[in-house]
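1. Kindly return the folded structure for what I paste below:
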Amino acid sequence: MALPKLPGNSFNPNLGKTRYHKSHHFDQRNEVSMLVGDEKPGIGGQPLLGQKMKAKNSVFPRGEGSNMPAWVAFDRQVLCFDAYFQEAVYEKREEQYRIRDSKIYFYLEDDSIQVIEPRLKNSGIPQGTLIRRHRIPKPPPNDDEFYTVEDFNIGKELNMYSRIFKITGCDEFTHNFLRKLGVRVNIPEQQPANPYSKYRKAMDESMQPLRPYEKHDTLKQFLDHDRHVLRFYCFWDDTDEMFGDPRELILHYFLADDTIEIKEVIPANSGRDAVPMFLKRGQLPKDVVPLKQPGEITDRTILNVFGPTGHGGRFILDSLKTGAVKVQFYDDRDLTIGTVLNVWGRKVTICDCDDFTREYYRTKYGISDNMQPIKYKEDHASRLPREMPPFNGFGSEEDSLCSCMGLLPKPPKRDFIKFMEKDRRGLDSNVLRFLARMDTKKPIDIDRRFIISYFLSDDTILVFEPPVRNSGIIGGKFLERSRVKKPDQEPYSTRLSEYYNARNLFVGGRVEFNKHPFILIDCDEYAFRYMERNNNEFSQANITAIVQKLSQVAKDRREEISRLFTSLDSGAGLVSYEQFQQIIVTLAGNLLSGHEIMTIARYYSPREQNDQVDENILAYVIQDMLRKHNWDISINKLPDVLLQADASKGGYLDPERVMTACKALHVPVPRDILWTLISKCSINDQGLLKYIDLLTYMDWKNHPVVAPPTYQGMAEEGWRPQASTGNVSSINYSALLQDVFGPPTE
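-> As a prediction, the model looks like this:
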């Protein structure tokens, strides 16, 4: 019973109220004043009398924890419902309507809906996504509202774009989620059967044979021998036919299904078209039979027919297959080496097989002795060598030969790998330099000296004559850098000419460049060391072979040779190089070349090897690299970078910090060479580098370094031959005699 509205019996509804704002209910639309806020609340957000608020999104009960928005709390959470809709079918006797199953997905994060129909094989109708994902409005007159989670339950019907979807079930997650919302989930319903599906199923069952039939199970053979192929090399002699010739074939037998394919090996320039297959894959019959008429070859034979022809007739089949026609095909038991196959009238002989085929026959049939190959090819040695036309004199021999190799001439290929390995890198020039004189009796040419440079990167030779004042001969390049042919070769031959290589150049050797004979009398230190490091290529620098040759020459003459060396001994067990050379020449004569004598002297010399790199040479190499790349330390601000890195401004930095700065500024010098130069600079007790010295070495504009005369990597014409034998002043003959004759016997 309500209290009467008397003073003291009613409550003030505005008690505790703090919001008194008003909603905007009236506005103009197309210059007409009208009510536009019928869905907006009244004063303070309270509903008006008789107003029912419509929910724009799904409303979920508040739970424990933080109040996260729906698009975060329900991310990737989807409700799945099973549904169907009925579609009318017109002008078709088999069906009047069709039941189409579908899946309805409701996305909790934004209340969007997606409808998908599972695809059925051979359905004949477009299936898949029926309604793409979006918020679906309700049918009129509530078309201003959208479907929310409260509208979904088992047994409900949803009208989506004039299609009535009946929900019949849901998954477990959807069932539990609806129960947590307080929804009473109905019992799942059975979907009605599709009449057309029943009709198709009955028609398919009527087409199945009611009698027993023979089943040929080939699945086991396929699974056991899939990708297992026997390969045979065959030969077909077709010389009896007009324009026929021997044909080489390759037969493939597939163990998975007992089929055979044959490919033909077509040699180059045979005049035949390169067809993809000689015989396509299939079973190969042993006997060639004429083509049978349709129905003549069947699996079963009909003995008698009862009743009318067509529907209602009966027949009796021959279970013994007395009239069946059997065709024999080749299988793996028929394929052995030496067997002649009848390939549709062509006699093909099996001559050889691969290793897998031999192992297969040895494992399965125990055949190993009868698998010897039959010779059916000509030996390559019996063929005449391909003779090229003689050189015509135009261009180089290699370039002219390329025009005979194909219709489209290509330039000759260079050995790029050799060029990269033997190209100049830092202090390693890969150039062998020899001092030579002319082998002549002309007085004007006897005293002329030449520098022969051999470039290992491309086997080219450069001859340079150092100018001599008041000699009457202009020095300079005597022979341009190029490959030099050996003498006494036919100029226009069918074979390529032979050129001088590095093994033909050694001290004491005689060479002839374009009718000019030279005798090599000396070489630089780099050439000696390179040949000694690669003594397997240069026999004149192989100390082991030279000692063996010397031991054969001086056999049974140990006392005489020891007495001779002892008479020339200066008191320390050493003899001078000139005396040693005279003794070896007297003992061996012309059996040892001058390079071999120098190799013995260098090996048994007690001199100390000084492998330290000169600072001037190293600075010149680095300045030469910077000069070629036009890299200046001032323009690229290397001093500024080092000064900025020096916090104490003491002029010292960590070497690694200096290397990092050089790498950042892209200094065109290899790291190992730059690090060697850093090690030559001043370093204090803390291991810090005085970078002013490094900048002085690298400043090729203000502090240029002159190339030392002994530098081996500078221009070829600037090398002045030093007396390499001058580095060897004496030889320890005791060690030499011990290696030649063995330890002395007491």
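
2. drop to CA atoms for contacts and neighbour counts, all remaining ones
-> OK.

3. For residue 9, which non-adjacent residue is spatially closest?
-> Closest residue in space to residue 9, ignoring its immediate chain neighbours: residue 3 at 6.4 Å, by Cα to Cα, 6 or more residues apart in numbering.

4. surely the one you found meets residue 10?
-> Yes: Residue 3 is in contact with residue 10 according to Cα atoms under 8 Å; the separation is 7.5 Å.

5. Same drill for these two, tell me which one is more crowded.
-> Per other Cα atoms under 10 Å, whichever of residue 3 and residue 10 has more neighbours is residue 10, with 10 against 7.

6. Tell me which residues touch that one, please.
-> Residues counted as contacts of residue 10 (Cα atoms under 8 Å, 6 or more residues apart in numbering) are 3, 4.

7. helix, strand or coil for it?
-> Following DSSP: H, G, I helix; E, B strand; the rest coil, the label given to residue 10 is coil.

8. separation between it and residue 647?
-> Remark: distance between residue 10 and residue 647 (Cα to Cα, to the nearest Å) = 86 Å.

9. With residue 563 instead?
-> 72 Å.

10. Residue 76 too?
-> Distance of residue 76 to residue 647, given as Cα to Cα: 57 Å.

11. Same question for residue 636.
-> When distance is defined by Cα to Cα, residue 636 is 21 Å away from residue 647.

12. Would you double-check that residue 165 falls in a strand?
-> Yes: assignment of residue 165 by three-state DSSP places it within a strand.

13. Bridged to it, which residues?
-> Note on residue 165: beta-bridge partners residue 158, judged by DSSP bridges.

14. hang on, it packs against residue 155?
-> No: contact between residue 165 and residue 155 fails when scored by Cα under 8 Å: they sit 10.0 Å apart.

15. Which one's more surrounded, those two?
-> residue 165 (23 against 17).

16. Show me the strands in the stretch 351-500 of the chain, by range?
-> Taking DSSP state E, counting those that start in this stretch as the test, the strands found in the stretch 351-500 of the chain are 431-438, 449-455, 460-465, 476-482.

17. Partner strands of the first one and their direction?
-> For strand 431-438, the paired strands and their directions (DSSP bridges) read strand 449-455 (antiparallel), strand 516-523 (antiparallel).

18. Deepest in the core, which of these is it.
-> When the strands paired with strand 431-438 are scored by mean count of other Cα atoms under 10 Å, the highest mean neighbour count falls to strand 449-455 (a mean of 24).

19. which element is residue 231 on?
-> Using DSSP states H and E, residue 231 falls within strand 229-237.

20. For the next helix-or-strand element following that strand, name the packing helices and strands.
-> Of the helices and strands lying after strand 229-237 in sequence (DSSP H and E), the nearest is strand 246-254. Judged by 3 or more Cα pairs under 8 Å, 6 or more residues apart in numbering; DSSP states H and E, strand 246-254 is in contact with strand 229-237, strand 259-265.

21. If you count neighbours, what's buried in strand 246-254?
-> By 16 or more other Cα atoms under 10 Å, the buried positions in strand 246-254 come out as 247, 248, 249, 250, 251, 252, 253, 254.

22. same check, this time on stretch 394-404
-> For stretch 394-404, burial by neighbour count (16+ other Cα under 10 Å) applies to 397, 400, 401, 402.

23. residue contacts, the third one?
-> The contact partners of residue 401, taken as Cα under 8 Å, 6+ apart, are 388, 391.

24. before we move on, what about the first one?
-> The contact partners of residue 397, taken as Cα under 8 Å, 6+ apart, are 391, 496, 497.

25. nearest to residue 575, of the residues you listed?
-> Nearest to residue 575 among those, counting by Cα to Cα, is residue 497 at 46.0 Å.

26. about what we covered before: with distance to residue 95 and pLDDT as extra columns, can I get the buried residues of stretch 394-404 in a markdown table?
-> Output for the buried residues of stretch 394-404, formatted as a markdown table (distance: Cα to Cα, whole Å; pLDDT from 0 to 100):
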| residue | distance to residue 95 | pLDDT |
| --- | --- | --- |
| 397 | 87 | 85 |
| 400 | 84 | 86 |
| 401 | 82 | 86 |
| 402 | 79 | 86 |
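
27. Which two among those residues are spaced furthest apart?
-> Pairwise distances across those (Cα to Cα) peak at 8.8 Å, for the pair 397 and 402.

28. coming back round to it: mind checking the strands of the stretch 351-500 of the chain for the one nearest to residue 330?
-> Using Cα to Cα, the nearest of the strands of the stretch 351-500 of the chain to residue 330 is strand 460-465, at 64.4 Å.

29. what about the closest one, average pLDDT?
-> For strand 460-465, mean pLDDT rounds to 93.

30. angle of that strand against strand 449-455?
-> 160 degrees (axes from the mean of the first three to the mean of the last three Cα atoms, to 10 degrees).

31. Packing partners of strand 460-465?
-> Using 3+ Cα pairs under 8 Å, 6+ apart as the contact test, the elements touching strand 460-465 are strand 449-455, strand 476-482.

32. how distant is the last one from the center of its chain?
-> Spelled out, it's strand 476-482. Chain-centre distance of strand 476-482: 44 Å, with Cα atoms, centre = their mean, to the nearest Å.

33. and the angle from that strand to strand 449-455?
-> Calculated by the same axes, to 10 degrees, strand 476-482 forms an angle of 20 degrees with strand 449-455.

34. And the contacts of strand 476-482?
-> 460, 461, 462, 463, 464, 465, 466, 467, 717.

35. Max pairwise distance over the residues you listed: which two?
-> Farthest pair in the contacts of strand 476-482, by Cα to Cα: 460 and 467, 22.7 Å.

36. sorry, back to before: would you list the helices and strands packed on strand 460-465 in JSON lines and tack on distance to residue 50 and mean pLDDT?
-> Shown next, in JSON lines, are these (distance: least, Cα to Cα, whole Å; pLDDT from 0 to 100):
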{"stretch": "strand 449-455", "distance to residue 50": "107", "mean pLDDT": "93"}
{"stretch": "strand 476-482", "distance to residue 50": "109", "mean pLDDT": "91"}
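
37. Let me have those strands in a markdown table, adding distance to residue 619 as columns.
-> Below are these laid out as a markdown table (distance: least, Cα to Cα, whole Å):
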| stretch | distance to residue 619 |
| --- | --- |
| strand 449-455 | 24 |
| strand 476-482 | 28 |
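
38. Which stretch among these approaches residue 535 most closely?
-> Among the helices and strands packed on strand 460-465, strand 449-455 comes nearest to residue 535, with 17.2 Å by Cα to Cα.

39. Give me the distance between stretch 393-410 and the centre of its chain.
-> Relative to its chain's centre, stretch 393-410 lies at 33 Å (Cα atoms, centre = their mean).
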